[in-house]
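Visitor: Sequence and predicted model, in that order:
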Amino acid sequence: MKSKYYYIIFIFLLILTSITLDILYTKIITFCVITSLVVFYLVCATIIPFFIRYSRSVQKQIVFLNKIPFPINIDLKKPETLGINGARNFYLHTNENVKVGVWQLLPQLYLNENKIIDDDYFDNVLSNTSIPIIVYLHGIFSNRALDHRIGLYKLLQKMNYHVITFDYRCFGDSDCADLSEIGVVEDSQYVLQWIMEKVKNNSTPIFVWGHSLGSGISLHTLAQLTAKNIHISGLFLESPFTNIADVYRGTIFYKLFSFLPWFYWSVIEPVDKQNLKFQSDKYIGVIKCPIIVIHAEDDEIVPFKLGEKLYNTGLQLHGMSTNNLQMISIKSTFNCGHKNIYKYEKLPEIIENFITKCSPAVKLDK
């Protein structure tokens, strides 16, 4: 009988020990997790901001993200290996002697298997064309070979437009010179003016398409060209923003740490002092050519409200006139986000209508 009681007591003590250990283990795990989160938060709140404050290279990486090696194992010299037909790779050297990697895509109607398509052919077509040329300025990260960028090139090519795209300094296979807002704007300005000089037909429509950060580079570039009385036919702004400071304010990092008294001093002010401002809300008022803003409501990288704010600012700066400024909002149900607008089923119609409005004399054999 006693052994039975001893057995019950033993089981009870075993269960009690198990529960105690379980509670203790849970508390230890909880303590470790909370401690890790506190340490992580303190690092993000103190060490990282001060590191950003005193590291110019980190400040630039925050804005450009140009050193991320993706996609990997690609040869930018051979666009055909990426599924792009009727394209060539070549290099330009800017006034600062910065080598810039460029792709030129021919309109679909020029792709004839019976023709020898060499560099002379590309040059001749570009020099003598009357078909619209669209110059694409990409955003942050990687190079001219990202999938969504190639997707847009192919769409424009299929619509029988010339496409020219390039990598700014320190992107892709372009030379790594001083990376700055002024630097990428000078690269863009050089490529645009090279195209204008290359095209013999002065009536050939030339458009610029700027995506994300490329929208800010586009507006700054065209503002400088406008000051020289040089104008293009029209400007596409895909997923644009007002300025870099506003983009920062929409990030999770800003929302978590902006209450810290040293946040502006350590994160915002250094970038501002490097003139990495990309003040699209300033330059949009200078541009004389027609502008179309295209933004998806489900954009989680550059919030839709920033594109809308830029559009409204543009209207105010242009006397509330919609003659040269329009905006296309894409509903969230289409799942276009930040980089899939090229898949939007109505995009070809939007592009064609805008180009026709800007250059009504252009007729394409499609």
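Guide: Perfect, thanks for sending it. Fair warning: this is a prediction, and the values are worked out from it, not measured in the lab. Residues are numbered from 1 along each chain as shown.

Visitor: And the helices in the stretch 51-200 of the chain?
Guide: 56-64, 119-128, 147-158, 181-198 (DSSP state H, counting those that start in this stretch).

Visitor: Can you check which of these gets nearest to Pro270?
Guide: Closest approach to Pro270 among the helices of the stretch 51-200 of the chain is made by helix 56-64 (5.3 Å; C-beta to C-beta). The C-beta positions use only the backbone N, C-alpha and C, and glycine is treated the same way.

Visitor: now the angle from that closest one to helix 181-198?
Guide: 50 degrees (axes from the mean of the first three to the mean of the last three C-alpha atoms, to 10 degrees).

Visitor: For helix 56-64, report the contacting residues that lie outside it.
Guide: With contact meaning C-beta atoms under 8 Å, 6 or more residues apart in numbering, helix 56-64 is reached by 51-52, 67, 140, 170-171, 179-180, 213, 244, 270-271, 274, 276.

Visitor: now do stretch 337-352
Guide: By C-beta under 8 Å, 6+ apart, the surrounding residues in contact with stretch 337-352 are 148, 151-152, 155-156, 159, 211-212, 236, 238-239, 292, 294, 296, 298-302, 328, 330, 334, 336.

Visitor: can you rerun that using 7 Å?
Guide: With C-beta atoms under 7 Å, 6 or more residues apart in numbering as the test, stretch 337-352 has contacts from 148, 151-152, 155, 159, 212, 238-239, 294, 296, 298-302, 328, 330, 334, 336.

Visitor: Just the buried ones from these?
Guide: 148, 152, 155, 159, 212, 238-239, 294, 296, 298-299, 302, 328, 330, 334, 336 (16 or more other C-beta atoms under 10 Å).

Visitor: In strands, which of those appear?
Guide: The strands, defined by DSSP state E, take in 238, 294, 296, 328, 330 from the buried ones among the contacts of stretch 337-352.

Visitor: how far away is Lys255 from Val63?
Guide: According to C-beta to C-beta, to the nearest Å, Lys255 stands 19 Å off from Val63.

Visitor: These two - which one has more neighbours?
Guide: A count of neighbours by other C-beta atoms under 10 Å puts Val63 above the other of Lys255 and Val63, at 22 against 10.

Visitor: Quick check, pLDDT for that one.
Guide: Here, the pLDDT recorded for Val63 equals 86.

Visitor: what's the answer for the one 3 residues further on, then?
Guide: Reading off the confidence values, Asn66 has pLDDT 88.

Visitor: who's in contact with it?
Guide: Residues in contact with Asn66 (C-beta under 7 Å, 6+ apart) are 170-171, 179.

Visitor: State the number of residues packed around Ile140.
Guide: 17.

Visitor: what's near enough to touch it?
Guide: 64-65, 212-213.

Visitor: Could you identify the buried members of the residues you listed?
Guide: Buried, going by 16+ other C-beta under 10 Å: 64, 212-213, out of these.

Visitor: can you give me the end-to-end distance of stretch 107-124?
Guide: Taking C-alpha to C-alpha, to the nearest Å, the first and last residues of stretch 107-124 lie 13 Å apart.

Visitor: hmm, who's touching that stretch?
Guide: By C-beta under 7 Å, 6+ apart, stretch 107-124 touches 85-86, 88, 104, 125, 131, 157-158, 160-162, 365.

Visitor: Now that we have the residues you listed, which of them are buried?
Guide: Buried among the contacts of stretch 107-124 (16+ other C-beta under 10 Å): 86, 88, 104, 125, 131, 157, 160-162.

Visitor: Next, format those residues as a markdown table and append pLDDT and distance to Ile19.
Guide: Output for those, formatted as a markdown table (pLDDT from 0 to 100; distance: C-beta to C-beta, whole Å):
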| residue | pLDDT | distance to Ile19 |
| --- | --- | --- |
| Gly86 | 95 | 73 |
| Arg88 | 97 | 73 |
| Gln104 | 98 | 73 |
| Val125 | 93 | 80 |
| Ile131 | 95 | 78 |
| Gln157 | 97 | 69 |
| Asn160 | 96 | 75 |
| Tyr161 | 97 | 72 |
| His162 | 97 | 74 |
